[in-house]
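Undergrad: Structural data only, the sequence is not supplied:
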């Protein structure tokens, strides 16, 4: 018997048939797509998993730990949910309790996925279509009544007009009104789906990386610089090794402000500290992805530009070309010697790829984060210091917890060497991901 959070495979409570209707009846008005009291959504699984402003997941198993059950079963006026509305019935509370005891399993339904399946279309368009049909029926009754009156010698001008209306006009009218109604509702649904897809991605991103975003640390001993191997996230049999290959190396070092490298045990320089990141294109990796006009768009800043209200300071470090389409280098300052000696240095510098127009970056979300925690003892760089670069990208190809699906993180950016391309690789720009960078102007 499975005792994990996901519950057993033979759960007696059917979430879609028994639990979701309870949430729709009692919860969605305040915690749905339009209104999210406390930052909480209970109409989609990711919202319940994230838990709103408090960050408390609603999917903990067991009545004692499940926030939904504890709220609906509480007798405390300031804690019970829903507030100022009809309480759940004892039967509904017990049903939610059973669901929590069985693992609080919330399967992602088709209704939660951004898309426009036939079932979802009918659910959305059924009501407007019924309205159109009702309007046409009323109009048809009026026309036929006028026609009847005209043929009996009455009805006046209206009856004469009705008598000239062919039956095909009904069909055309129904189709025209129905089409207009469908198009309007379809566009509204498309907008809603785009908003929903964006919000689901945003919630998933912040659950994985946090705010401000922090890369997920590598397993094992903390890294202090070294080589980090960047892979490829496309997978296709036409690619070399099915797509599992190295595209570039990131060589990260702690330095003084002049670029002289420092190791553990070295004295702190008087002029302050910096990190150096050198990027080296791997043999066989497509040059189109490492064209100078693309690499010139890379910049480093400690600012989280995705934060609400963030204003770009303009202070950023750009890559400099060491060897065209082969090697690039950036030396980014991270602190002065006095601050380091007083209590060490710690922080994250973000790497962005994009244009800057009128002082405003075209991108808000970083690609990587360079994390540093420099410990100092007796004026020297001490053991336990950290300096590493980690991924801050979330896309449909990459594996992210808890899915277990997609390209493994270590095959995207990791510590273990990946195979280099031997011989030839495909030149298909779609498979190589070249089209993703065509928007960057030269």
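TA: Happy to help now that I have it. Note that the coordinates shown come from a computational prediction; the quantities given were computed from them, not determined experimentally.
Undergrad: Give the residue farthest from the middle of this protein.
TA: Ranked by distance from the centre of the chain (Cα atoms, centre = their mean), the top residue is residue 153, with 69.5 Å.
Undergrad: Tell me the pLDDT of it.
TA: Per-residue confidence at residue 153 stands at 82 (pLDDT).
Undergrad: can you list the weak-confidence ranges in the stretch 151-300 of the chain?
TA: Of all residues in the stretch 151-300 of the chain, those with pLDDT under 70 make up the ranges 167, 170, 174, 178, 185, 189, 192-201.
Undergrad: Please enumerate the strands of it.
TA: The residue ranges that make up the strands of the stretch 151-300 of the chain, judged by DSSP state E, counting those that start in this stretch, are 226-230, 248-256, 261-262, 273-281, 298-301.
Undergrad: could I get the ones you listed as a markdown table with mean neighbour count and distance to residue 215?
TA: Glycine gets a C-beta too; all of them are placed from N, C-alpha and C. As requested, the strands of the stretch 151-300 of the chain are exported to a markdown table (neighbours: other Cβ atoms under 10 Å; distance: least, Cβ to Cβ, whole Å):
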| stretch | mean neighbour count | distance to residue 215 |
| --- | --- | --- |
| strand 226-230 | 18 | 11 |
| strand 248-256 | 19 | 12 |
| strand 261-262 | 17 | 22 |
| strand 273-281 | 21 | 14 |
| strand 298-301 | 21 | 14 |
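Undergrad: Minimum distance to residue 172: which of these has it?
TA: strand 298-301 (58.7 Å; Cβ to Cβ).
Undergrad: just the helices in the stretch 151-300 of the chain please.
TA: Per DSSP state H, counting those that start in this stretch, the stretch 151-300 of the chain has helices spanning 156-163, 168-209, 292-295. These are given in chain order.
Undergrad: I meant to write the stretch 301-442 of the chain there.
TA: So, for the stretch 301-442 of the chain - with DSSP H, counting those that start in this stretch - the helices run 337-343, 429-432.
Undergrad: any idea which of those is most buried?
TA: helix 429-432 (a mean of 16; mean count of other Cβ atoms under 10 Å).
Undergrad: Next, format the helices of the stretch 151-300 of the chain as CSV and append mean neighbour count.
TA: Supplementary listing: these in CSV, determined by neighbours: other Cβ atoms under 10 Å:
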stretch, mean neighbour count
helix 156-163, 14
helix 168-209, 14
helix 292-295, 15
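Undergrad: So which of those is nearest residue 38?
TA: For the helices of the stretch 151-300 of the chain, distance to residue 38 was read as Cβ to Cβ. The smallest value, 14.1 Å, belongs to helix 168-209.
Undergrad: Residues in contact with stretch 316-335: which ones?
TA: Outside of stretch 316-335, the residues within contact range by Cβ atoms under 8 Å, 6 or more residues apart in numbering are 255, 257, 259, 272-281, 287, 290-292, 295-296, 298-301, 345, 347, 349, 356, 370, 372, 374.
Undergrad: Oh, that last question was meant for stretch 407-418, not what I typed.
TA: Outside stretch 407-418, the residues touching it (Cβ under 8 Å, 6+ apart) are 216, 218, 223, 226, 228-233, 235, 244-246, 250, 368, 389-391, 393, 397-400.
Undergrad: Could you pick out the buried ones from these?
TA: When burial is judged by neighbour count using 16 or more other Cβ atoms under 10 Å, the buried members of the contacts of stretch 407-418 are 218, 223, 228-233, 245-246, 250, 368, 389-391, 393, 397-398, 400.
Undergrad: What mean pLDDT does stretch 66-80 get?
TA: Rounded mean pLDDT across stretch 66-80 is 88.
Undergrad: and it, which residues are buried?
TA: Neighbour-count burial for stretch 66-80, with 16+ other Cβ under 10 Å as criterion, is recorded at 66-73.
Undergrad: Then stretch 342-360?
TA: Burial within stretch 342-360, assessed by neighbour count using 16+ other Cβ under 10 Å, is assigned to 344-345, 348-354, 356.
Undergrad: surely residue 79 meets residue 73?
TA: No: using Cβ atoms under 8 Å, residue 79 is not in contact with residue 73, being 10.1 Å away.
Undergrad: got any residues that touch both of those two?
TA: Taking Cβ under 8 Å, 6+ apart as the contact definition, residue 79 and residue 73 share no neighbouring residue.
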